[in-house]
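Colleague: coordinates for the following, if possible.
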Amino acid sequence: MFYTFYMKKIIKIVVVSFLGMICNALFGQKEEIQVTDLLKIKTASAPIFSPDKQYVLYQQNGTIVSKDNIHEFDNYATLVLYSLAEKTSQKLTDDKKNVSSPNFSPDGKYISFIRTEAGKTQIYLMDRKGGEPFAIGNGNYGAQSYQWSSDGKFIYYTSSISLNKLVNDTLLNPKKLLPDLFLEKSGISTNQFLLANKSKANPNGSLDEIRSYLSLNETEKKAKVFSKLNFQ
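Modeller: You can find the predicted model right below:
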């Protein structure tokens with residue numbers, strides 16, 4: 001009941017603010033509405049209450065002029081913390097760095113979220129009172145989703161990893177085990193092709209060197225490999 005009441009209140013505030021902006025644009029200003037006026041519109045999503053029900057954390061979504069081209073626009077998602085007691089909002093993250101999956105730690109002292117930095121998607125933590133967020137973990141495959149443990153001591157997360165990388169990862173697969181299910185590969189009758197080919201890539205070399213060359217092209221997305229499974 002408490003959650004539903006405040007959720008309706010937050011939605012009402014967002015809707016009223018949005019309608020107020022439109023009415024002001026239509027009736028309060030004599031100037032014509034410009035396309036760039038859309039940059040003033042901001043929406044809220046993914047709201048979540050702190051464990052003590054004193055704060056609401058949500059994503060603020062909007063659009064800004066691209067830093068690379070003034071004629072282009074970029075969408076952004078930043079984190080905002082709203083205090084129910086003080087009725088004040090505090091922006092926690094930079095507009096230029098998109099965030100997602102905001103949450104509170106079980107004790108409410110920390111705020112967690114997912115952000116991509118230097119091409120790697122990681123989980124970040126920051127003090128609820130503010131400060132600079134910091135990445136946790138240093139996984140090679142990033143984080144797609146996560147969940148706090150009930151005692152707040154652990155964070156479980158999921159990653160996306162290709163089968164080839166999984167087979168050759170010395171940490172996740174130290175015994176270099178291969179899947180029992182046979183994966184179809186033209187001219188190869190076993191799953192050994194999943195193991196890293198140590199042969200030098202050479203399109204004019206031996207069969208292993210040619211396979212290494214083709215595998216490199218596939219990894220660099222210069223070629224697409226098809227098998228009978230693509231047509232079934």
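Colleague: which regions of this structure sit below the pLDDT cut-off?
Modeller: Scanning the chain for pLDDT under 70 picks out 1-30, 181-194, 225-232.
Colleague: all strands for it, in order.
Modeller: 43-49, 55-65, 73-83, 88-91, 99-104, 110-117, 120-127, 134-136, 145-148, 155-158 (DSSP state E).
Colleague: give me the contacts around the shortest one.
Modeller: Same thing as strand 134-136. Glu117, Gln122, Ile123, Tyr124, Leu125, Met126, Ile155 (Cβ atoms under 8 Å, 6 or more residues apart in numbering). No exception for glycine: its C-beta is placed from N, CA and C like everyone else's.
Colleague: 7 Å instead?
Modeller: Gln122, Ile123, Tyr124, Leu125, Ile155 (Cβ atoms under 7 Å, 6 or more residues apart in numbering).
Colleague: list the strands paired with that strand, with their directions.
Modeller: Strand pairing for strand 134-136, using DSSP bridges, gives strand 120-127 (antiparallel).
Colleague: and the strand it pairs with, C-alpha only, in PDB?
Modeller: Presented in PDB, the C-alpha positions along strand 120-127 are these (Å, rounded to 0.1, in the frame of the first residue of the first chain):
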ATOM      1  CA  LYS A 120      33.100  -2.400 -20.800                       C
ATOM      2  CA  THR A 121      29.800  -2.600 -19.000                       C
ATOM      3  CA  GLN A 122      30.300  -2.900 -15.200                       C
ATOM      4  CA  ILE A 123      28.500  -2.500 -11.900                       C
ATOM      5  CA  TYR A 124      29.200   0.700 -10.000                       C
ATOM      6  CA  LEU A 125      28.700   1.600  -6.400                       C
ATOM      7  CA  MET A 126      28.400   5.000  -4.700                       C
ATOM      8  CA  ASP A 127      27.600   6.300  -1.300                       C
END
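Colleague: and it with strand 99-104, angle?
Modeller: Orientation of strand 120-127 against strand 99-104 (axes from the mean of the first three to the mean of the last three Cα atoms, to 10 degrees) gives an angle of 30 degrees.
Colleague: okay, the strands of the chain in CSV with distance to Val35 and mean neighbour count next?
Modeller: Formatted as CSV, the strands of the chain follow (distance: least, Cβ to Cβ, whole Å; neighbours: other Cβ atoms under 10 Å):
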stretch, distance to Val35, mean neighbour count
strand 43-49, 18, 16
strand 55-65, 11, 18
strand 73-83, 9, 17
strand 88-91, 25, 12
strand 99-104, 26, 19
strand 110-117, 28, 19
strand 120-127, 32, 17
strand 134-136, 37, 13
strand 145-148, 36, 14
strand 155-158, 39, 14
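Colleague: of all those, which one comes closest to Asn202?
Modeller: Nearest to Asn202, of all the strands of the chain, is strand 120-127, at 31.8 Å by Cβ to Cβ.
Colleague: what angle do that closest one and strand 110-117 make?
Modeller: 150 degrees.
Colleague: hey, where'd the helices end up in the chain?
Modeller: Secondary structure of the chain (DSSP state H): helices at 2-23, 163-168, 207-219.
Colleague: picking up where we left off before, which among the contacts of strand 134-136 gets closest to Gly62?
Modeller: Nearest member of the contacts of strand 134-136 to Gly62, counting by Cβ to Cβ, is Tyr124, at 20.2 Å.
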